[in-house]
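Trainee: I would like to see how this sequence folds:
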Amino acid sequence: MNYTEQAITFECAQEMLVGILAAPQAPSATGVVVVVGGPQYRVGSHRQFTLLARALAAGGYPVLRFDYRGMGDSPGGKRDFLQVTEDIRSAIDALQQRVPQVTRVALWGLCDGATAALLYCQESGDSRVDGLCLLNPWVRSEASLARAHVKHYYTRRLRQKEFWIKLVSGKVATAALADLWQNLRLSRAGADRRAAQQLLPFQQRMAHAWRAFGGSILLLLSGDDYTAKEFLETTRMDGGWADLLERPNVARHDLPGTDHTFSNANARAQVEALTLAWLQRPAQPQTISAADKPIARGKAAAAAPSAAVEVYRHPDELPPDVQALFGAAEEHSIEFGLSWYRNLVNTVYPRHPGVAIYVLRSAGVPTAALPVILTRRHGLWTDGESLSNYYTALYAPVLAPQASADELAVLVRAMRRTHASLGSLRFTPMDPQSESYRILRAALVRAGMVPFDFFCFGNWFMKVDGNWPAYLQSRSGMLRSTIKRMGKKFTADGGTLELVQSGPDLERCLRAYEQVYAHSWKGAEPYPDFMPGLVRACSARGWLRLGVAWLKDEPIAAQIWIVTRAKADIYKLAYHEDYKAYAPGTLLTVMLMQQAFERDQVGEVDYLIGDDAYKKSWMGERRERWGLIAYNPRSLPGLFGLCREFAGRAIKSVRQRFAVRRTGPQS
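Mentor: Residues are numbered from 1 along each chain as shown. This next block holds a predicted model:
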């Protein structure tokens, strides 16, 4: 495949880093970021990184190789592999900005570049990274180096005739014998399992990152390299690495006769071929061990199956059985379905690294899903929240019938394990009377979190009996008078009302809505693609009711209603400020309300978010939407948040009591 190479710069902590982007003509959704190791820059030893990037780009994979701050052509203070988290994050951002087709990223690192890639995952929790290609990872400590020398150097020397001839003739230096004794002593100390506790912190963090990583790992080890041998010795002797190399998401290849940097043409070709074949694997979800006891219902505890947790980064990645679970949830609200989440991710969070859909399987069957977004705070801790934003009027976990709090707790625990610095989880807005709210709250408690309830907003709605004339007659005299007077004036001045559901007029009326919104009292949309995306998705499924009020050729008001499963949701309304005197919004509401009563025959109309006064003119009932915020007391940020929450609620209670004492009880 044809590709181009381009020098780029991108910002990291107020420094401009330098990189080379190899971009194929038809790029894959998986991109590669080369994490440089040792005292190297973006070219690599004997042009290793340059040649690798070109080979992968020819295979269709965008590749960015770059210089850390303080290395190569990038300015800034020099730093080692323990200090490059922000550099790697900025490189991933730059790759996605310049190749927007990239939704998943594989980090490719040699030596301490491999270590840096693992530590990046441990520190950032970046869900964009779904693959790690690790070559001869660096785990050096005094004990690991000694073990490698004793096993692979001195053992070989002791078997050589020449060594014993030199020893007998006195030609083996005293320093060499002392060095052998020192290495034997250190290696024996390292052989004790308790010596694993003395490993430097970064080796322990590497093991934690490896265990938590649910994506695919390609491990390439040189046959003639002490760094690779140290790595294998460490994984064999340290209990923290137990079984990690044998996990099903790890593909290991040992390359006999190759040196540390795979310096000859044959070794380089092997690395390129193995990397390319690994990238071409079918996309798989990240899988996290549930690490829970079997989940049981009732008396079936002994036979209950164990759980498995999968993590998906985009709704389009969900397998058919999980899609069916979301389809069933959509029967209760469109905001629980894939059409909603797909549009939300594509238009609001297109490159957010924390988008994640946690799915629980029990006996292979999906039973629960928790769409969330995880955000790194100041590079120190992670907070999670429901995959929603201010467009969302209702959120709930996606649950199979009879799903329990125990099952949902497995997902919360998996989230907490993969993000050791998790501070809090926040879910909004929810129906506090719903079963899903009760289950989620109980699940947070069972997963070791401390939850609190809080008010979000009021929600005005009405149940519909189907009698439109009676409903209209029951509205206030002032409202009915406005409808009558403004209807005559609007019509006399050439006004018309238009209703569009689909077809060739859709885009024209959508442009009219955007034009009205731009001239309304409302501020600019922070995510201007969201509503057009929602309109098109709902139109394709027959749910859209888009109303436009025209004064001659000028659109002066527009409303977006979504009607599905006998329920009409009023999502957006706006009118042109210059034509407020016609009350065009009121006239549109009458048209769409009559449509909902008489043609759509809905059982409920919902004004969704807020206690705006005008909503009471049309609706007769009010309910509330609440949220849950839960703190993780096992992390310092979570413990701090928990203390702050307790203090805030205590202060509020005292103030309320004091206010009552001052004013006296209200009659």
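Trainee: which helix or strand contains Gly641?
Mentor: helix 636-663 (DSSP states H and E).
Trainee: typed the wrong thing, it's Thr235
Mentor: Using DSSP H and E, the element containing Thr235 is helix 226-237.
Trainee: how about Ile483?
Mentor: Using DSSP H and E, Ile483 sits within helix 477-492.
Trainee: quick one: list the elements packing against that helix.
Mentor: helix 584-594 (3 or more C-beta pairs under 8 Å, 6 or more residues apart in numbering; DSSP states H and E). C-beta: built from backbone N, CA, C; applies to glycine.
Trainee: give me the contact list for the helix it packs on.
Mentor: 468, 471-472, 479, 482-483, 486-487, 490, 495, 497, 499, 545, 547-549, 551, 556-559, 561, 568, 570, 573-576, 605, 618 (C-beta atoms under 8 Å, 6 or more residues apart in numbering).
Trainee: give me the low-pLDDT residue ranges for the stretch 551-667 of the chain?
Mentor: Residue ranges of the stretch 551-667 of the chain with pLDDT under 70: 661-667.
Trainee: kindly recompute the last result at 80.
Mentor: Applying pLDDT under 80 to the stretch 551-667 of the chain flags residues 659-667.
Trainee: do the stretch 51-200 of the chain as well
Mentor: Judged by pLDDT under 80, the stretches of the stretch 51-200 of the chain that qualify are 125, 141-200.
Trainee: show me where it has strands.
Mentor: According to DSSP state E, counting those that start in this stretch, the stretch 51-200 of the chain carries its strands in the segments 63-66, 104-110, 129-135.
Trainee: in TSV, list the ones you listed along with mean neighbour count and distance to Gly31.
Mentor: Below are the strands of the stretch 51-200 of the chain laid out as TSV (neighbours: other C-beta atoms under 10 Å; distance: least, C-beta to C-beta, whole Å):
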stretch	mean neighbour count	distance to Gly31
strand 63-66	27	7
strand 104-110	26	5
strand 129-135	26	10
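Trainee: could I get those in JSON lines, plus columns for distance to Ala659?
Mentor: Shown next, in JSON lines, are the strands of the stretch 51-200 of the chain (distance: least, C-beta to C-beta, whole Å):
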{"stretch": "strand 63-66", "distance to Ala659": "58"}
{"stretch": "strand 104-110", "distance to Ala659": "53"}
{"stretch": "strand 129-135", "distance to Ala659": "51"}
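Trainee: so which of these gets nearest Lys652?
Mentor: Of all the strands of the stretch 51-200 of the chain, strand 129-135 sits nearest to Lys652, with 41.2 Å by C-beta to C-beta.
Trainee: what is the orientation angle of the closest one with helix 226-237?
Mentor: Inter-element angle recorded for strand 129-135 and helix 226-237: 120 degrees (by axes from the mean of the first three to the mean of the last three C-alpha atoms, to 10 degrees).
Trainee: got the contact list for strand 129-135?
Mentor: Contact partners of strand 129-135, identified using C-beta under 8 Å, 6+ apart, comprise 30, 32, 92, 104-111, 114, 117-118, 120-121, 213, 215-222, 262, 271, 275, 278-279, 283, 286, 313.
Trainee: now stretch 257-272
Mentor: So stretch 257-272 is contacted by 44-46, 48, 51-52, 55-56, 110-111, 135-136, 220, 222-228, 255 (C-beta under 8 Å, 6+ apart).
Trainee: quick check: buried residues in that stretch?
Mentor: 258-262, 267-268, 270-272 (16 or more other C-beta atoms under 10 Å).
Trainee: checking my notes, Thr408 in a strand, right?
Mentor: One thing to correct before we go on: residue 408 is Leu, not Thr. No. Going by DSSP: H, G, I helix; E, B strand; the rest coil, the assignment for Leu408 is helix, not a strand.
Trainee: pull the number of nearby residues for the closest residue to it other than its chain neighbours.
Mentor: Of all residues not flanking Leu408 in the chain, Ala443 sits nearest, at 3.6 Å (C-beta to C-beta, 6 or more residues apart in numbering). Neighbour count for Ala443, taken as other C-beta atoms under 10 Å: 26.
Trainee: kindly report the same for the one 3 residues further on.
Mentor: In terms of burial, Arg446 registers 16 neighbours under the definition other C-beta under 10 Å.
Trainee: got the contact list for it?
Mentor: 405-406, 409.
Trainee: pLDDT weak spots in the stretch 401-550 of the chain?
Mentor: Short version for the stretch 401-550 of the chain, where the test is pLDDT under 80: 418-420.
Trainee: for Asn346, find the nearest of the strands of the stretch 51-200 of the chain.
Mentor: Nearest to Asn346, of all these, is strand 104-110, at 15.1 Å by C-beta to C-beta.
Trainee: pull up the pairing partners for that closest one, direction included.
Mentor: Strand 104-110 has the following sheet partners, assigned by DSSP bridges: strand 30-35 (parallel), strand 129-135 (parallel).
Trainee: take the ones you listed and write them to JSON lines, including distance to Ser520.
Mentor: Converted to JSON lines, those look like this (distance: least, C-beta to C-beta, whole Å):
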{"stretch": "strand 30-35", "distance to Ser520": "40"}
{"stretch": "strand 129-135", "distance to Ser520": "42"}
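Trainee: after whichever strand or helix holds Tyr437, which helix or strand is next?
Mentor: Using DSSP H and E, Tyr437 falls within helix 435-446. Counting by DSSP H and E, the next helix or strand C-terminal to helix 435-446 is strand 450-463.
Trainee: and the angle for that next one with helix 435-446?
Mentor: Computed by the same axes, to 10 degrees, the angle between strand 450-463 and helix 435-446 is 180 degrees.
Trainee: give me the neighbour count for the closest residue to Glu598 other than its chain neighbours.
Mentor: Computed as C-beta to C-beta, 6+ apart, the closest residue to Glu598 that is not its neighbour in sequence is Trp468, at 5.4 Å. Trp468 is flanked by 16 other residues according to other C-beta under 10 Å.
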